[in-house]
Each structure stands twice: as C-alpha cells, then as structure tokens.
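>>> could you look at this predicted model? Sequence included:
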Amino acid sequence: MDEVKLLEWFRQLLNSKYGLRKDVVTPTADFLTDLGLDSLDEMNLMFDVEDEFDIGIFMGEEGDQTAYERVRTVGDAIQFIASRLK
C-alpha cells in the first residue's frame, strides 16, 4: 500500500472513530495537539494499525525506543507502516 492510500486509510479511520473531518487529517497533523486525541485514543489507534497491517508498534525493535514513542504525526505513522510493508 502506498503512502497516498495509507493517508486515505487514516482519514477514513479517524473520521469513523473520532468524527474528524478528513481535510484536517494531513501528514503533518500531530495526533495529540492537532487532532485532539488523548493518549488513550492514540494508543487505541496504534492497536488498529497493528491489527490492520499485522506489524508491531509497541515492540522495541530499534533500540530502546518503540515505534509508538516515535510516531507523533499522521506522516510518522504512514512512513513507519510503509517501511514495514516493503
């Protein structure tokens, strides 16, 4: 799945789960500060990503920092997912 399709997937998911307008879900949108999610919402969203794409976000695959700790924006999440789907 390419990055354009991943962005659309996030737009659909965030619209259906949290009622966010699709035009506010951009690659630079921060999940907490720009989209208004709280930390529990963000964690649940990452579980949705794990389930949909069968990838680990909460596992410390790269040193001590987990992907969850690095993913702050929609674009961060898209890049992480795209890198794991190659």
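Good, I have the coordinates.

>>> secondary structure class for the nearest residue to residue 22 once chain neighbours are set aside?
Of all residues not flanking residue 22 in the chain, residue 11 sits nearest, at 4.2 Å (C-beta to C-beta, 6 or more residues apart in numbering). No exception for glycine: its C-beta is placed from N, CA and C like everyone else's. Here residue 11 is helix, with the state taken from DSSP: H, G, I helix; E, B strand; the rest coil.

>>> what count of nearby residues applies to residue 9?
17 (other C-beta atoms under 10 Å).

>>> again, but for the one 4 residues further on
Number of residues near residue 13 (other C-beta under 10 Å) recorded here: 16.

>>> any idea which helix or strand carries the closest residue to it other than its chain neighbours?
Once flanking residues are discounted, residue 13 sits nearest to residue 48: 6.3 Å by C-beta to C-beta, 6+ apart. When elements are assigned from DSSP states H and E, residue 48 belongs to helix 39-53.

>>> for that helix, name the packing helices and strands.
helix 3-18, helix 74-85 (3 or more C-beta pairs under 8 Å, 6 or more residues apart in numbering; DSSP states H and E).

>>> least reliable of those helices by average pLDDT, please.
Of all the helices and strands packed on helix 39-53, helix 74-85 carries the lowest average pLDDT, namely a mean of 91.
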